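# Next come a sequence and a model predicted from it.
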Amino acid sequence: MRKYIDALLDYAIEKKLIEPEDRTWAFNRLLEALGLDAAEEGSGEALRLPLEEILSALTEDAVARGIVRDSGAARDLFDTKLMGLLTPAPHEVRAKFAALYARSPEAATDWYYRFSEDTNYIRRDRIKRDLRWVCDSAYGPVDISINLSKPEKDPRDIAAARLAPQGGYPACQLCASNEGYAGRIDHPARQNLRLIPLSINGDPWFWQYSPYVYYNEHCIVLNSRHTPMKIDRSTFEKLFDFISLYPHYFLGSNADLPIVGGSILSHDHFQGGRYEFAMAKAPVERELVFKGFEEVRAGTVRWPMSVLRLTGPDRGRLTDLAEKILRVWRGYSDETAGIYAFTGGTPHNTITPIARRRGEDFQLDLVLRNNRTTEEFPLGLFHPHPELHHIKKENIGLIEVMGLAVLPSRLKTELDAVEQALLAGADLRADKRTAAHADWAEELMARRQPAPEELGEVLRQEVGAVFIRVLEDAGVYKRTPEGQEAFMRFVEAVNGTE
C-alpha cells in the first residue's frame, strides 16, 4: 500500500493541498486512518494514477483488512476521511479565496471550483457518468440529463441506517455544521467541504459548490441558520446582493411550498452558477407595463411555464415590483383557469424567482407556481400528469423550471431496454423494464417510423419532448389563447392593486 499512500501525497502536493514540508506529517495521519502502524519503504518511483484509482486501492485494502465495512456508503465515508486529512483548514481556504476575489470574482470562483474538484468534494469520476444531451423544442434547445452521479442506495446501508441511532446533528445536509463532519451511514461525510462566507441582506450566509454539479459551476448559497425556505421581499434582495458580488453567476430559489418546491424546504437556500439556461435565453413574448413602474422593462417569456421577466438598472425598483407581484399572486384565484390561492386555510400560490445580470441591468424572472391537488391529480394539478410519469414523476424544482431535465437513473437501463426490444420486435409489456414505456414507444414508432440506426437518437429526442410536456403541465397558465388571456387577467389584477 505504500505506493498508493505516496501517490496520494504526491497528488496533494501537486494540487497544493499540502506543502512539501507537510509530507511526513500527512503520511503519519494517513497511516492512522488506514489502521497501519507502519508501511513498507517506498520504491522511490512515482506512481501517477487518477485520484479515484488511488482512493479506490486504499479503500479496498482497508475493507479487506476489516478497517472499513463492506458497503458503498462506508467506502464513501472512508475515502472522504482520507481526503479530509489533506484538505486545508477553513481559514486558509477563505484567505486564499478573499485574496483572489480582490483580483476579480471570476479568479476567485475559478480557483474555488478547481479546489472543490481537487479535494474530491466534487467527484469528477462520478459526474462523468451522467448522461447529457440537448433536444430541440418549440421553445429553443433544452438540456436533458440522466443523473448517475449520486451513488445507488446499498441495501446493507439501508438496513444499517434503520438500526443506527437517529442523530439531529447536522440538522440537514445544507447546514453549515456539515463543514468537516465525519458523516454516518445515513449522512454523507463532509471532511473535505470548505464553505465561503458572505453577507447578503445584512445576514451571515455561506456558499459552496454542489457535489453533484448538475450544470457548470453549480453552487448552493445557504443560510447560516437552519430556517425554513420562505419567498418574500428579502428573497429578492438576497438574490440581487449575490449577483452584485458575483455578476458572472445567476442565482435562483426553489419555491417555498411542497410539490412545486425543491427536495429540501427545511433550510433556506438558493442555487446558482455559471450557466445560461434555456429559459434565460428565451425571449420576451409580450411586453407589459406595470402601473407605477413604467421605467421597468417587463414582459411575459416565451416558455412552457408562466414567467414574468423584469429588467432594469435599479434593483430597488425591481424588488418593489417583484414584492407587489408576489403579494397579489399569493391571494389570487381564477376559477376558470383552475387557480385557487387557498383551499381552506392551505396556501397554494408561490413563486420561483431567478436573478441574473445583463450588463449594467439586473434581471429577475418570476415563475408563477401553484401546488393545488385534485382527486384527478393527487400529486398536483400543475405537476407532471400521470401519462408522463414513466419518464418524470418527481417535483419540478428550480433547475428544471429553467430548462434542464434531471431524470432518474432508472431511465438509462429502461431506455436501453426499450431500444433493444423495439429492434428485436419484442413485447414491451412482457418486461418490467419496458412495460411502463410501452404506449409511448409504440406511438412514437408509428408516428416517426425511425430507421434502426436512428432509433437511439429518436428515443432521446422524444424524451426531450416529454420534458417539454412536463413543463407545460407545471405551467399555471397554459399555452392556449384561453390560458394566455387568463395570464393577462392576473397582470391586470396587479395593475389594479395599490
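Yes, it's here. Keep in mind that what you see is a predicted model, and the values were worked out from it rather than measured.
# The longest helix seen in the chain: which residues count as buried?
As assigned by DSSP state H, the longest helix anywhere in the chain is helix 455-474. Counting neighbours by 16 or more other Cβ atoms under 10 Å, one finds that the buried residues in helix 455-474 are 455, 458-474. In short, each C-beta sits where N, CA and C put it, glycine included.
# what's the distance between the residue nearest in space to the middle of the chain and Leu100?
To find the centre residue of the chain, average its C-alpha atoms and take the closest one (Cα atoms, centre = their mean): that gives Tyr214, at 5.5 Å. As for Tyr214, its distance to Leu100 is 25 Å (criterion: Cβ to Cβ, to the nearest Å).
# For the longest helix of the chain, what is the distance to the chain centroid?
Taking Cα atoms, centre = their mean, to the nearest Å, one finds the center of helix 455-474 at 20 Å from the center of the full chain.
# Restricting to C-alpha, output it in CSV.
C-alpha atoms of helix 455-474 as CSV (Å, rounded to 0.1, in the frame of the first residue of the first chain):
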residue,chain,number,x,y,z
LEU,A,455,-33.7,4.7,-33.1
GLY,A,456,-31.5,5.6,-30.1
GLU,A,457,-31.4,9.3,-31.1
VAL,A,458,-35.1,9.4,-31.8
LEU,A,459,-35.8,8.0,-28.3
ARG,A,460,-33.6,10.7,-26.8
GLN,A,461,-35.3,13.4,-28.7
GLU,A,462,-38.7,12.1,-27.7
VAL,A,463,-37.6,12.1,-24.0
GLY,A,464,-37.0,15.8,-24.6
ALA,A,465,-40.5,16.2,-26.0
VAL,A,466,-41.9,14.6,-22.8
PHE,A,467,-39.9,17.0,-20.7
ILE,A,468,-41.4,20.0,-22.6
ARG,A,469,-44.9,18.5,-21.8
VAL,A,470,-43.8,18.1,-18.2
LEU,A,471,-43.1,21.9,-18.1
GLU,A,472,-46.3,22.7,-19.8
ASP,A,473,-48.2,20.7,-17.2
ALA,A,474,-46.4,22.6,-14.5
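# And the contacts of it?
Residues external to helix 455-474 that are found in contact with it (Cβ atoms under 8 Å, 6 or more residues apart in numbering): 133-139, 142, 144, 260, 303-305, 369, 382-385, 388, 391-392, 396, 400-401, 403, 405, 407, 411, 415, 418-419, 422-423, 440-441, 444, 448, 450, 478-479.
# Inside helices: which ones of these?
Glu400, Val401, Leu411, Leu415, Val418, Glu419, Leu422, Leu423, Trp440, Ala441, Leu444, Arg448.
# The host helix or strand of Thr352 - contacts with which helices or strands?
Assessed by DSSP states H and E, Thr352 sits inside strand 349-358. With contacts defined as 3 or more Cβ pairs under 8 Å, 6 or more residues apart in numbering; DSSP states H and E, the packing partners of strand 349-358 are helix 233-245, strand 250-252, helix 278-281, helix 315-330, strand 361-370, helix 398-401.
# Let's have these in JSON lines, adding distance to Tyr209 and mean pLDDT.
What follows is those, written out as JSON lines (distance: least, Cβ to Cβ, whole Å; pLDDT from 0 to 100):
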{"stretch": "helix 233-245", "distance to Tyr209": "14", "mean pLDDT": "98"}
{"stretch": "strand 250-252", "distance to Tyr209": "14", "mean pLDDT": "98"}
{"stretch": "helix 278-281", "distance to Tyr209": "20", "mean pLDDT": "98"}
{"stretch": "helix 315-330", "distance to Tyr209": "25", "mean pLDDT": "98"}
{"stretch": "strand 361-370", "distance to Tyr209": "23", "mean pLDDT": "98"}
{"stretch": "helix 398-401", "distance to Tyr209": "14", "mean pLDDT": "96"}
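# any chance of the ones you listed in a markdown table, plus distance to Thr350 and mean neighbour count?
As requested, these are arranged in a markdown table below (distance: least, Cβ to Cβ, whole Å; neighbours: other Cβ atoms under 10 Å):
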| stretch | distance to Thr350 | mean neighbour count |
| --- | --- | --- |
| helix 233-245 | 11 | 21 |
| strand 250-252 | 13 | 25 |
| helix 278-281 | 18 | 18 |
| helix 315-330 | 7 | 19 |
| strand 361-370 | 5 | 24 |
| helix 398-401 | 12 | 24 |
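# Which of the ones you listed sits closest to Ala62?
With Cβ to Cβ as the measure, helix 398-401 is the member of the helices and strands packed on strand 349-358 nearest Ala62 (35.9 Å).
# Quick check, the residue nearest to the centre of the chain in contact with Ile399.
Yes - when contacts are counted by Cβ atoms under 8 Å, Tyr214 is listed as touching Ile399 (5.7 Å).
# if we can go back for a sec, adding distance to Arg2, write the ones in helices among the contacts of helix 455-474 out as a markdown table.
As requested, the ones in helices among the contacts of helix 455-474 are arranged in a markdown table below (distance: Cβ to Cβ, whole Å):
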| residue | distance to Arg2 |
| --- | --- |
| Glu400 | 48 |
| Val401 | 51 |
| Leu411 | 43 |
| Leu415 | 45 |
| Val418 | 49 |
| Glu419 | 47 |
| Leu422 | 53 |
| Leu423 | 51 |
| Trp440 | 55 |
| Ala441 | 54 |
| Leu444 | 57 |
| Arg448 | 59 |
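# which stretches of the chain aren't confidently modelled?
Under the criterion of pLDDT under 70, the regions of the chain flagged as low confidence span 42-44, 150-167.
# repeat that with 90
Low-confidence segments of the chain, defined by pLDDT under 90, span residues 1, 38-48, 147-168, 186, 261-264, 498.
# related to what we said a few turns ago, shared neighbours, Tyr214 and Ile399?
Common neighbours of Tyr214 and Ile399 are listed as Val406 (criterion: Cβ under 8 Å, 6+ apart).
# circling back: now for the ones in helices among the contacts of helix 455-474: which two are most distant?
Val401 and Leu423 (35.4 Å).
# Not counting sequence-adjacent ones, nearest residue to Lys281?
Take Lys281 and drop its neighbours on the chain: the residue closest to it by Cβ to Cβ, 6 or more residues apart in numbering is Gly140, 6.0 Å away.
# got the contact list for the one you found?
Taking Cβ under 8 Å, 6+ apart as the criterion, Gly140 is in contact with Ala278, Lys281, Ala282.
# Grab the nearest non-local neighbour of the first one.
Spatially, and ignoring its direct neighbours in sequence, Ala278 is nearest to Gly403 (3.1 Å; Cβ to Cβ, 6+ apart).
# And for that neighbour, the neighbour number?
Residues within reach of Gly403, counting by other Cβ atoms under 10 Å, total 26.
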